[in-house]
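Asks: need a 3D model of the following:
(one chain, ligands or ions: 1)
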Amino acid sequence: MTNTPLVVFENVVKRYGTFSAVGPIDFEIRKGEFLAIMGSSGCGKTTTLRMLAGLEAPSDGEIRLAGKRINDLPTWQRDTPMVWQSLALFPFLTVRENVEFSLRMRGIAKAERQQRVDKWLERMQITEFAERNVAHLSGGQRQRVALARSLVTEPEILLLDEPLSALDAHLKVRMQTVLSNLQRELGITFVYVTHSQSEAFSMADRVVIMSRGRIEQIGNPQEIYRAPRTRFVAEFLGSSNIFAGNVSGVDSTSVRISTPSGEFDVAPSQAKPLSKGDKATFVVSGDRVNLSNRPPSNDYNRLEASVVGEEFVGATAVIHLEGMAQIEIKAQKSHDELDQLNLEPGAKVWVSWRPDAAHILPGE
Ligand SMILES: Nc1ncnc2c1ncn2[C@@H]1O[C@H](COP(=O)(O)OP(=O)(O)OP(=O)(O)O)[C@@H](O)[C@H]1O
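Replies: Here you go, the predicted model:
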């Protein structure tokens with residue numbers, strides 16, 4: 001992957017009548033990267049991808065591919081093939097004919113077509129099904145045909161719209177590995193739209209998080225997970241311990257924030273320098289809070305809360321608590337740790353955390 005932008009979205013807006021579905025958005029897609037676009041239903045992910053594919057024209061702004069404006073370039077003149085969840089294979093054609101299709105459309109001679117199709121059938125491990133009708137393949141095999149059909153023209157960029165969402169969990173994970181390996185080996189830019197945090201975070205070099213047609217954050221998975229920019233991103237990632245208030249004091253090592261649930265010290269944020277009186281919102285992830293039935297002996301941030309209930313999540317459990325001013329707190333702990341505590345519903349528990357376990361949301 002390089003830092004050279006292959007695609008640039010500049011002030012791009014898509015309106016349907018008076019409804020603004022996307023934008024304005026500004027972002028770049030780097031050459032050779034695996035970029036995932038994620039967000040909840042209706043946030044504009046597919047519309048963004050369709051604009052890049054040429055299936056929708058932007059209402060405003062400019063999209064550039066390799067430096068050239070492509071707003072009005074028809075789909076068939078751009079090298080931006082797309083793989084959908086439905087795959088859109090031709091049901092009346094064989095695997096070979098499906099893979100060969102776009103080479104035929106480009107007028108490539110028969111001998112070369114055959115050689116390129118054979119290479120891709122082999123690469124996607126579907127040679128043995130070459131003469132079979134695609135209607136008679138399993139979901140995973142059809143996925144491989146769809147990928148071979150898109151990649152046989154060796155495009156610079158491949159667009160994927162929820163390609164794995166119809167597969168069962170096991171096959172999904174297997175196809176994630178196929179996709180990641182393929183992308184790395186080929187060095188082709190992948191733009192991958194998904195609802196799924198685990199898909200986006202396990203495969204992508206960078207993730208774009210969208211909400212209501214706008215970009216909330218763009219960055220690598222670790223950055224986004226450790227340092228969400230906005231309340232939306234924090235909530236989207238399931239980090240539910242969110243405190244909002246006003247800065248009541250600042251020194252070189254911490255910022256004191258006064259909230260309806262108490263006053264807390266938070267490590268200063270380089271992305272958002274704060275002064276007394278400013279509004280501030282911070283998050284503490286559930287796995288970074290400590291629980292105890294007695295007041296903690298350290299001088300960490302603390303608040304008293306009562307137990308609402310317990311939720312089992314495999315090897316850990318999430319304890320739901322409620323503190324002053326109805327603040328909801330979630331603490332994620334191992335079963336061993338929880339065995340030491342009284343967590344009957346209604347029991348009083350002390351919740352504490354270190355100032356550096358909290359993160360100030362710079363976008364709030
Ligand atoms: N052709 C259209 N006419 C009118 N509104 C549209 C059209 N296409 C999309 N929209 C609206 O634009 C918004 C964004 O849609 P889009 O399909 O891009 O969302 P999405 O994030 O991909 O959602 P999902 O994950 O459910 O597919 C939605 O509110 C949708 O209803």
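Asks: rest of the way, CA atoms for contacts and neighbours
Replies: Fine.
Asks: looking at the nearest residue to Pro5 once chain neighbours are set aside now. What's its pLDDT?
Replies: Once flanking residues are discounted, Pro5 sits nearest to Arg30: 4.2 Å by C-alpha to C-alpha, 6 or more residues apart in numbering. With respect to pLDDT, Arg30 has a value of 95.
Asks: can you count the residues close to Arg30?
Replies: Arg30 has 19 neighbouring residues, counting by other C-alpha atoms under 10 Å.
Asks: how far away is it from the ligand?
Replies: 22 Å (C-alpha to the nearest ligand atom, to the nearest Å).
Asks: likewise Ala315?
Replies: 30 Å.
Asks: thinking that residue is in contact with Asp336, fair?
Replies: No: taking contacts as C-alpha atoms under 8 Å, Ala315 lies outside contact range of Asp336: 9.7 Å.
Asks: can you read off the pLDDT for Ile157?
Replies: So, for Ile157, pLDDT stands at 92.
Asks: host element of Cys43?
Replies: Using DSSP states H and E, Cys43 sits within no helix or strand.
Asks: ok, it - contacts?
Replies: Ala21, Val22, Met210, Ser211, Arg212, Gly213, Arg214 (C-alpha atoms under 8 Å, 6 or more residues apart in numbering).
Asks: quick one: what helix or strand has the first one in it?
Replies: Pointing back at Ala21 there. Once you assign secondary structure using DSSP H and E, Ala21 falls within strand 19-30.
Asks: that strand packs against which elements?
Replies: Using 3 or more C-alpha pairs under 8 Å, 6 or more residues apart in numbering; DSSP states H and E, the elements in contact with strand 19-30 are strand 5-16, helix 45-53, strand 214-219.
Asks: only the buried residues of the next helix or strand along the chain from the last one, if you could.
Replies: Spelled out, it's strand 214-219. Scanning forward in sequence from strand 214-219 by DSSP H and E, the next helix or strand is helix 221-226. For helix 221-226, the neighbour count (16 or more other C-alpha atoms under 10 Å) marks Pro221, Ile224, Tyr225 as buried.
Asks: again, but for stretch 52-65
Replies: Those would be Leu52, Ala53, Gly54, Glu56, Ala57, Pro58, Gly61, Glu62, Ile63, Arg64, Leu65, for stretch 52-65 by 16+ other C-alpha under 10 Å.
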